[in-house]
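Q: quick one, structure for this:
(one chain, ligands or ions: 2)
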Amino acid sequence: MIVLGIESSCDDTGAAVVKDGKELSNIVASQDDVHAPFGGIVPELAARNHVLHILPVIEKALRDADLTLDDIDGIAATRGPGLVGSLLVGLCAAKAIARARDLPFVGVNHIEGHLLSGELDAAVPRPFLGLVVSGGHSALYLAREDRTFGLLGQTRDDAAGEAFDKAAKLLGLGYPGGREIQRVAETGNPQAMRLPRPRVRGAELDMSFSGLKTALWQELEKHPELDVPDVAASFQEAVVDTLAKTTRRALQRVDVKALVVTGGVSANTPLRERMAEVARDEGVELHVPALSRCTDNAAMIAYAGWQKLVRGERDALDLNAVATLPIGPRVEIPVS
Ligand code: KG4
Ligand code: ZN
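A: Ligands and ions are numbered 1, 2, ... in the order given. Just a heads-up that it's a prediction; the model follows:
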């Protein structure tokens, strides 16, 4: 079965073709240049730019797969969570194609796409723990053998990527902030600035990053003499350490066979290295999808949609976009 997937939940416009679970093409039009002057995503600009990119991106995804719409057996599009104005562009494009071509259509949860994206590279044993870290999300999920999901913990405020973006803005670095902080931090000393490792009382697997940003601001006021590379390295270390410690606690609580780390922040090299250590210590396989499938992309949506379509699932063409869309109920972990 050949599935065309469309993703437009945030600022990247994506289209991809997956055949029997294998990626044939995966096209993303980035809007980084549009949002860079603002140091973060401007929702209305994101939606307007999706309108400009959506058709060329779909056409390129088909061309790269050496196919036309005549070859497509089903359509999948992200229906949430995300920015509603952005989501509607991809969702409406997908529904219009499904209607015009009389093709089966399914809406896909963006987070489910991220969690399954590792399977495009290699089989991931279940149950697995999934850490999704991006500009909009920082959460730990349990992916069970019966293909259901549970939320184990999440950030109470900023996402890790958002924290990187805000810190980069504070340091006068470019956007996306995480990439810039990593680049500048290469020559810095991660111990130069003392920053906290915030924890959420009574919720061991929840995280909080907004306090870290405030602490950074306060430390910068106190120590204006510190070099930007040292500050960047210290901040990166604090975020990586917080993510690694929370993930380790989760692995000690739930019985899983693998750890999947995905989302834009998983591009971070120190985070990848630390997660490899955590996975090795806790005796689970580590799966970090290829970079093109870690950041927002449509291959993961086509893949998750393909699984639904082969199971016989279909959505009606009045399916709406939703800003908040949990993929499963929260799993309560007893406090130790
Ligand atoms: O998944 P993504 O492309 O888009 C969504 O947010 O959905 O993630 C973007 C986020 C940004 O916040 C960016 O600062 C962060 O990923 N990021 C990184 C790196 N590259 C991108 N964070 C840390 N280190 C990186 N190398
Ligand atoms: Zn995402």
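
Q: for the nearest residue to Thr148 once chain neighbours are set aside, what are its contacts?
A: Leaving out its chain neighbours, the residue that sits closest to Thr148 by C-beta to C-beta, 6 or more residues apart in numbering is Gly328, at 5.7 Å. C-beta coordinates here come from the backbone N, C-alpha and C atoms, glycine included. Applying C-beta atoms under 8 Å, 6 or more residues apart in numbering to Gly328 gives the contacts 141, 148-151.

Q: please apply the same query to Asn320.
A: 79, 91.

Q: now do the same for it: its pLDDT.
A: pLDDT for Asn320: 98.

Q: which of the three states applies to it?
A: Three-state call for Asn320 (DSSP: H, G, I helix; E, B strand; the rest coil): coil.

Q: distance of it from Gly107?
A: As defined by C-beta to C-beta, to the nearest Å, Asn320 lies at a distance of 9 Å from Gly107.

Q: for Leu319, same thing?
A: Distance of Leu319 to Gly107, given as C-beta to C-beta: 5 Å.

Q: for the stretch 101-250 of the chain, what spans make up the strands?
A: Assigned by DSSP state E, counting those that start in this stretch, the stretch 101-250 of the chain shows strands spanning 105-109, 128-133, 138-143, 149-154.

Q: tell me which of those strands lies nearest to ligand 2.
A: Across the strands of the stretch 101-250 of the chain, ligand 2 has its closest neighbour in strand 128-133 (7.1 Å, C-beta to the ion).

Q: overlap in contacts, Asn320 and Gly107.
A: What both Asn320 and Gly107 touch, as defined by C-beta under 8 Å, 6+ apart, is the set 79, 91.

Q: okay, the strands of the stretch 101-250 of the chain, which one's buried deepest?
A: strand 128-133 (a mean of 28; mean count of other C-beta atoms under 10 Å).

Q: what sits up against that strand?
A: Residues from elsewhere that reach strand 128-133 (C-beta under 8 Å, 6+ apart): 111, 114-115, 138-143, 152, 159-161, 243, 247, 250-251, 254, 256-266, 271, 275, 284, 287.

Q: cool, and stretch 176-185?
A: 32, 39, 135, 161, 164-169, 171, 173-174, 228-229, 232-233, 235-236, 264-265, 267-270.

Q: sorry, back to before: mean pLDDT and distance to Ala215 added to the strands of the stretch 101-250 of the chain, as JSON lines?
A: Shown next, in JSON lines, are these (pLDDT from 0 to 100; distance: least, C-beta to C-beta, whole Å):
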{"stretch": "strand 105-109", "mean pLDDT": "98", "distance to Ala215": "34"}
{"stretch": "strand 128-133", "mean pLDDT": "98", "distance to Ala215": "20"}
{"stretch": "strand 138-143", "mean pLDDT": "98", "distance to Ala215": "17"}
{"stretch": "strand 149-154", "mean pLDDT": "97", "distance to Ala215": "21"}
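
Q: and those strands as a markdown table, adding distance to ligand 2?
A: A markdown table is the format used below for the strands of the stretch 101-250 of the chain (distance: least, C-beta to the ion, whole Å):
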| stretch | distance to ligand 2 |
| --- | --- |
| strand 105-109 | 11 |
| strand 128-133 | 7 |
| strand 138-143 | 11 |
| strand 149-154 | 14 |
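
Q: of the contacts of strand 128-133, buried ones?
A: Buried subset of the contacts of strand 128-133 (neighbour count, 16 or more other C-beta atoms under 10 Å): 111, 114-115, 138-143, 152, 159-161, 243, 247, 250-251, 254, 256, 258-266, 271, 275, 284, 287.

Q: can you give the domain ranges for the protein?
A: Domains of the chain are assigned by automatic domain parsing as 2-115+293-310, 123-288.

Q: do you know which of these lies nearest Glu332?
A: domain 123-288 (9.4 Å; C-beta to C-beta).

Q: do that closest one and ligand 1 meet?
A: Yes - on the criterion C-beta under 6 Å from any ligand atom, domain 123-288 is in touch with ligand 1 at 134-136, 161-162, 164-165, 176-179, 182, 263-265, 267-268.

Q: near ligand 2, from those residues?
A: Among the residues of domain 123-288 next to ligand 1, the residues lying close to ligand 2 (C-beta under 5 Å from the ion) are Ser134.
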